[in-house]
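[1] Structure, please.
(one chain, ligands or ions: 3)
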Amino acid sequence: MTSPTRVLVLNSGSSSLKYQLLDMRDSSRLAAGLVERIGERTSRLKHTCLTSGETREQNGPMHDHEAALKAVAAELSRDGVGLDSPELAAIGHRVVHGGEFFTEPTVVDDTVLLEIERLIPVAPLHNPANLTGIRTAQALRPDLPQVAVFDTAFHTTMPESAARYAIDPRIADRHRIRRYGFHGTSHAYVSRETARLLGKDPSEVNVIVLHLGNGASASAVEGGRCVDTSMGLTPLEGLVMGTRSGDLDPAVIFHLERVGGMSMDEIDTLLNKRSGLYGLCGDNDMREIRRRVEEGDEQARLAFDIYIHRLKKYIGAYYAVLGRVDAVTFTAGVGENAAAVREAAVAGLEGLGLAVDAGLNAVRGDEARLISPASARVAVAVVPTDEELEIATQTYALVGRE
Ligand SMILES: Nc1ncnc2c1ncn2[C@@H]1O[C@H](COP(=O)(O)OP(=O)(O)O)[C@@H](O)[C@H]1O
Ligand SMILES: CC(=O)OP(=O)(O)O
Ligand SMILES: [Mg+2]
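    Ligands and ions are numbered 1, 2, ... in the order given. From the prediction side, this is the model:
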């Protein structure tokens, strides 16, 4: 038999599981889907078989990521592409926090599992789900390589001046406190695709990538290497997000504890789950916020303005970090779809050579595209991210080498 060429990619979020099955001969997708609301009373699995075009949905309780993955495995089997297939070469897992230890995709063994577990305190929403995904996949196919692809890996090239916080280095080192950065597979993929869009080699271009999904982060990429990013020790720092506050004065936390009488756990929940756009106006979906802004809702307008103000500050900061910028690229759910966000983020930055062409910005599509006027000094681009393809590519490259 010829060597297996398929890779299953699992992206386990805190309450969701996204997956794709790809054939790496041509990077085509055979199946894809999403389980939402894992652990809640009703979960929903939406599965699409891309060879037949058939989509199936099921609703019902799924306790945890193990139950979710077993349900996904059953759907794949129904399409004749189950986990027992001899054509499966490996399973690639998104792992959010890899600390300073993992700088590359890694075949999972017991030591790797232990290290991912040790990082749970700095990625409490993500790493436990990632671990369950890996352990369940191992149980289903013990003979298959499981590959961990880390969100943090792309950021390990940051210089110490960007990665260190201004605190006593002995304390920082003892507790491994530094800027790790996240969404690395997306920043890597999108910065590379931006270079391709400009017809250049990644080593020749400096790009500011704005990954604006539910979680959001910015990065400064110099000649293909990350030199700064907005998320830090955990995915809480930086931009305003769906439910996370992003940057704030750390003294807010002392104040909430000492004067506000809140416990550390309550403050943690407040900043991670009840802040950001949701905390500001009760909605975390940018579509809903734009609809309310259009209707003249002041609370939604203020939330939008705070979101944009923070974004602008990071564009300016990374412009200064890079010195020369070839492109600013928008990606992920908000970046790819919300023309109003792109327009507002760049408005007034003509002095930096940044502008958006209203006609180009209004075009919707799945293709990487430029939205800046032809005369602009700096390109502004929209590049759809594809974390699953990037994870599959890295997984297959690693397994193929062995
Ligand atoms: N057409 C749209 N206009 C504005 N925002 C959108 C649109 N489509 C999706 N979004 C935003 O994208 C977000 C999800 O982005 P995504 O990258 O899928 O996030 P995640 O991977 O973090 O779950 C949604 O919360 C929503 O705010
Ligand atoms: C790291 C992170 O914030 O991931 P997500 O956007 O998937 O929540
Ligand atoms: Mg995402």
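[2] Could I get the buried residue list for the longest helix belonging to the chain?
    As assigned by DSSP state H, the longest helix anywhere in the chain is helix 298-322. Neighbour-count burial for helix 298-322 flags 300-301, 303-304, 306-308, 310-312, 314-315, 318-319, 321-322 (criterion: 16 or more other Cβ atoms under 10 Å). All C-beta spots, glycine's among them, are computed from the backbone N, C-alpha and C.
[3] Okay, now the unreliable bits of the stretch 301-402 of the chain?
    Where the stretch 301-402 of the chain drops to pLDDT under 70, the residues are 401-402.
[4] Ok, the chain next?
    1, 401-402.
[5] closest point of it to ligand 2, which residue?
    When Cβ to the nearest ligand atom is the measure, the chain has its nearest residue to ligand 2 at G215, with 2.4 Å between them.
[6] Up against ligand 2, what does this structure have?
    Within the chain, the positions adjacent to ligand 2 are G13, V96, D151, F182, H183, G213, N214, G215, P235 by Cβ under 6 Å from any ligand atom.
[7] Next one: the closest residue in space to the last one that isn't next to it in sequence relative to T42, how far apart?
    Nearest-residue entry for P235: F182, 4.8 Å, with adjacent residues in sequence omitted and distances by Cβ to Cβ, 6 or more residues apart in numbering. Spatial separation of F182 from T42 under the definition Cβ to Cβ, to the nearest Å is 29 Å.
[8] of these two, who's got more company?
    The neighbour count for F182 versus T42, taken as other Cβ atoms under 10 Å, is higher for F182 (29 against 10).
[9] My reading is that the more buried one lies in a strand. Confirm?
    No - the assignment for F182 (DSSP: H, G, I helix; E, B strand; the rest coil) gives coil, which keeps it out of a strand.
[10] In the residues of the chain next to ligand 2, find the pair that's most separated.
    The span of the residues of the chain next to ligand 2, defined through Cβ to Cβ, is set by D151 and N214 at 14.0 Å.
[11] Quick check on the two: which one has the bigger neighbour count.
    Set side by side, D151 and N214 show more neighbours around D151, with 27 against 19, by other Cβ under 10 Å.
[12] Give me the distance between the more buried one and E387.
    Counting by Cβ to Cβ, the gap from D151 to E387 is 9 Å.
[13] any common contacting residues for those two?
    Contact criterion Cβ atoms under 8 Å, 6 or more residues apart in numbering; residues bridging D151 and E387 by contacting each: R94, H183, T185.
[14] In the stretch 301-402 of the chain, what residue lies closest to ligand 1?
    The nearest approach of the stretch 301-402 of the chain to ligand 1 comes at G333, 2.0 Å away (Cβ to the nearest ligand atom).
[15] Let me know the secondary structure of that residue.
    The local conformation at G333, judged by three-state DSSP, is helix.
[16] Apart from its chain neighbours, what residue comes closest to it?
    Counting by Cβ to Cβ, 6+ apart, G213 is the residue found nearest to G333 once chain neighbours are left out, at 4.7 Å.
[17] near ligand 1, which residues of this structure show up?
    Counting by Cβ under 6 Å from any ligand atom, the residues of the chain near ligand 1 are 213-215, 242, 284-287, 332-334, 337-338.
[18] Of the residues you listed - the most surrounded one?
    V334 (27 neighbours).
[19] thinking again about what came up before, my read is that the residue nearest to P235 contacts A216, right?
    No - with contact defined as Cβ atoms under 8 Å, F182 does not reach A216; the gap is 10.1 Å.
[20] Dihedrals phi and psi, the residue of the stretch 151-300 of the chain found nearest ligand 1?
    Ligand 1 sits closest to G213 of the stretch 151-300 of the chain, with a gap of 2.6 Å, by Cβ to the nearest ligand atom. Main-chain torsions, G213, degrees, to the nearest 10: phi -110, psi -140.
[21] so how far is the helix or strand containing F254 from its chain's centroid?
    Using DSSP states H and E, F254 sits within helix 251-258. Offset of helix 251-258 from its chain centre (Cα atoms, centre = their mean, to the nearest Å): 29 Å.
[22] buried ones in the helix or strand following that helix?
    Along the chain past helix 251-258, the next helix or strand (assigned with DSSP H and E) turns out to be helix 264-273. Judged by neighbour count using 16+ other Cβ under 10 Å, the buried positions of helix 264-273 are I267, L270, L271, N272, K273.
[23] contacting residues for the residue nearest the centre of the chain?
    Computing the C-alpha centroid of the chain and ranking residues by Cα atoms, centre = their mean puts H183 first, at 3.6 Å. Contacts were defined as Cβ under 8 Å, 6+ apart; by that measure H183 touches D151, H211, G213, G215, S217, S219, M231, A332, E387.
[24] same thing but at 7 Å, please
    When contacts are counted by Cβ atoms under 7 Å, 6 or more residues apart in numbering, H183 touches D151, H211, G215, S217.
[25] Select, from those, the two members most distant in space.
    D151 and H211 (10.6 Å).
[26] what secondary structure does V9 sit in?
    In three-state terms, and counting by three-state DSSP, V9 is strand.
[27] What residues are bridge-paired with it?
    With DSSP bridges applied, the residues forming beta bridges to V9 are Q20, G92.
[28] how far away is it from A90?
    For V9, the distance to A90 equals 10 Å [Cβ to Cβ].
[29] so the residue of the chain closest to ligand 2 makes contact with M241?
    Yes - when contacts are counted by Cβ atoms under 7 Å, G215 is listed as touching M241 (5.5 Å).
[30] got the contact list for stretch 124-136?
    Stretch 124-136 is contacted from outside by 10, 12-14, 17, 64-66, 69, 93-97, 108, 113, 116-117, 119-120, 146, 272, using Cβ under 7 Å, 6+ apart.
[31] In PyMOL, how would I select just the buried ones from these?
    In PyMOL, this line selects whichever of these come out buried by 16+ other Cβ under 10 Å:
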select buried, resi 10+12+13+14+17+65+66+69+93+94+95+96+97+108+113+116+119+146+272
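[32] The contacts of stretch 124-136 in helices, which ones?
    Judged by DSSP H, the subset of the contacts of stretch 124-136 located in helices is H65, E66, L69, L113, I116, E117, N272.
[33] residues touching the first one, list them.
    I take that to be H65. H65 sits next to S12, L17, I38, A129, T132, G133, T136 when contact means Cβ under 7 Å, 6+ apart.
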